[in-house]
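>>> build me a model:
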Amino acid sequence: MSLPTPTHGHLYCRTLYVAEDAAELVTVEYDELGAVTAARAALEPDAPLLHEDAGSNVATDRTFSFGPVEQRFRDAAHVVTGRYDFPRYSSVPMECYSVIAQWNEGDGGPSVEAWANFHGPFSMVPVMAGALGIPTSRVRLHVPADIGGSFGIKAGIYPYVVLMALASKHAGTPVRWAEDRVEHLMASSTGADRAMTFSAAVDADGTVTALRTDLIDNVGAYLRPPEPSTLYRCYGNITGPYRIDAVEIRARAVVTNTMPTGLNRGFGGQQLYFGLERLMDAVASATAWTSSRCAGGTWCRRSRTRRRPGACTTPATTPRRWTWP
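The predicted structure follows:
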């Protein structure tokens with residue numbers, strides 16, 4: 001295969017791997033700007049602003065309250081508070097992202113036919129059509145039955161299919177691209193890291209009567225769909241398996257100098273329940289109620305007190321009026 005003649009400032013490589021090795025030999029001089037990478041740090045008054053016209057690093061800030069939260073905290077025998085941090089995390093599907101795209105010019109106007117291991121074609125087609133400036137009827141996206149794992153990652157909206165369609169338009173031929181593992185780890189969706197504060201109002205017998213939560217998700221440099229859904233996926237069952245009928249929730253998403261987040265294996269669940277379970281351990285410690293002191297040596301996880309007849313009846317209704325099981 002013949003290669004184009006290199007021109008000033010351009011280097012053509014036979015393979016992606018040669019290009020990656022060559023990139024390590026390039027020296028770039030940067031003017032270093034301020035950066036922030038952690039959720040709580042993004043809220044500091046002197047934190048660098050990612051989007052100056054927004055005036056803040058807070059992308060969304062909502063508060064919800066159900067039941068007599070203030071009264072329960074005023075009447076509580078104990079108030080237990082904990083600050084917890086859940087790290088950013090990722091999955092590694094066996095198969096990375098792959099796209100084949102072909103741009104066609106016909107009598108009815110331009111059209112695009114593409115093949116991609118995307119997990120959700122009906123959400124991608126209108127996005128592609130809008131980005132390419134063509135009707136949805138002129139976009140055909142093929143998705144194989146087996147896509148080698150997704151974990152939610154391949155359901156995120158990425159620019160790859162549109163970019164390959166544009167590459168095909170300019171090259172005048174079908175274009176194929178396959179993501180390698182390094183690209184995947186750098187650019188695919190990661191699960192949001194969360195900084196959180198939980199407070200519990202606890203009565204004299206160790207029962208939690210009210211819960212306050214302050215959840216701060218780090219969504220990266222941009223609030224990319226489907227975020228901020230990580231904050232709200234478990235919103236309907238914010239109290240987990242515990243019988244707590246008064247809850248106040250503050251949910252914030254902040255932007256930082258990191259990659260945008262998105263769907264990733266159980267998103268929202270592990271962040272919430274990590275903090276909730278740590279809080280319940282702190283409540284048990286602060287009130288001296290432990291599983292060994294519960295009647296019969298068992299622990300009633302719904303009321304967090306001694307098991308007694310009727311204490312853990314099902315089904316139960318959460319403050320958000322969800323019923324389980």
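>>> which residues are contacting stretch 193-200?
38-40, 73, 79-89, 208, 210-218, 230, 271, 275-276, 278-280, 283 (Cβ atoms under 8 Å, 6 or more residues apart in numbering). For glycine as for every other residue, the C-beta is placed from the backbone atoms N, C-alpha and C.
>>> now do 6 Å
The contact list for stretch 193-200 (Cβ atoms under 6 Å, 6 or more residues apart in numbering) reads 39-40, 80-88, 208, 211-218, 271, 275, 279, 283.
>>> now the buried members of the residues you listed.
Taking 16 or more other Cβ atoms under 10 Å as the criterion, what is buried in those is 39, 80, 82, 84, 86, 88, 208, 211-218, 271, 275, 279, 283.
>>> where does the stretch 151-300 of the chain have low pLDDT?
289-300 (pLDDT under 70).
>>> one more pass at 80, please.
In the predicted model, the stretch 151-300 of the chain carries pLDDT under 80 at residues 288-300.
>>> how about the helices of it, start to end?
Ranges of helices within the stretch 151-300 of the chain are 160-171, 181-187, 229-232, 269-287, based on DSSP state H, counting those that start in this stretch.
>>> nearest to Gly106, of those?
helix 160-171 (13.1 Å; Cβ to Cβ).
>>> and the closest one, how far out from the chain middle?
Its chain's average C-alpha position is 28 Å from that of helix 160-171, according to Cα atoms, centre = their mean, to the nearest Å.
>>> could you list the residues in contact with that helix?
Contacts for helix 160-171 (Cβ under 6 Å, 6+ apart): 99, 101-103, 112, 114, 116, 128, 131, 174-175, 177.
>>> one more: stretch 57-75?
Residues contacting stretch 57-75 (Cβ under 6 Å, 6+ apart): 42, 47, 201, 209-210, 223, 228, 245-255, 319.
>>> and the strands in the stretch 201-325 of the chain, which stretches?
Along the stretch 201-325 of the chain, counting by DSSP state E, counting those that start in this stretch, strands occupy 208-218, 247-254, 316-317, 323-324.
>>> next, format those as JSON lines and append distance to Ile153.
Shown next, in JSON lines, are those (distance: least, Cβ to Cβ, whole Å):
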{"stretch": "strand 208-218", "distance to Ile153": "17"}
{"stretch": "strand 247-254", "distance to Ile153": "19"}
{"stretch": "strand 316-317", "distance to Ile153": "33"}
{"stretch": "strand 323-324", "distance to Ile153": "28"}
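>>> I figured Pro228 was touching Ala253, is that so?
Yes - using Cβ atoms under 6 Å, Pro228 is in contact with Ala253, at 4.3 Å.
>>> the more surrounded of these two?
Ala253 (27 against 22; other Cβ atoms under 10 Å).
>>> which residues touch that one?
Residues counted as contacts of Ala253 (Cβ under 6 Å, 6+ apart) are 59-60, 217, 219, 228.
>>> where's the residue most central in space within the chain relative to Pro110, distance?
Geometric centre of the chain, nearest residue: Gly262, 3.7 Å, by Cα atoms, centre = their mean. The gap separating Gly262 from Pro110 is 30 Å, by Cβ to Cβ, to the nearest Å.
>>> what does Val143 give?
Remark: distance between Val143 and Pro110 (Cβ to Cβ) = 22 Å.
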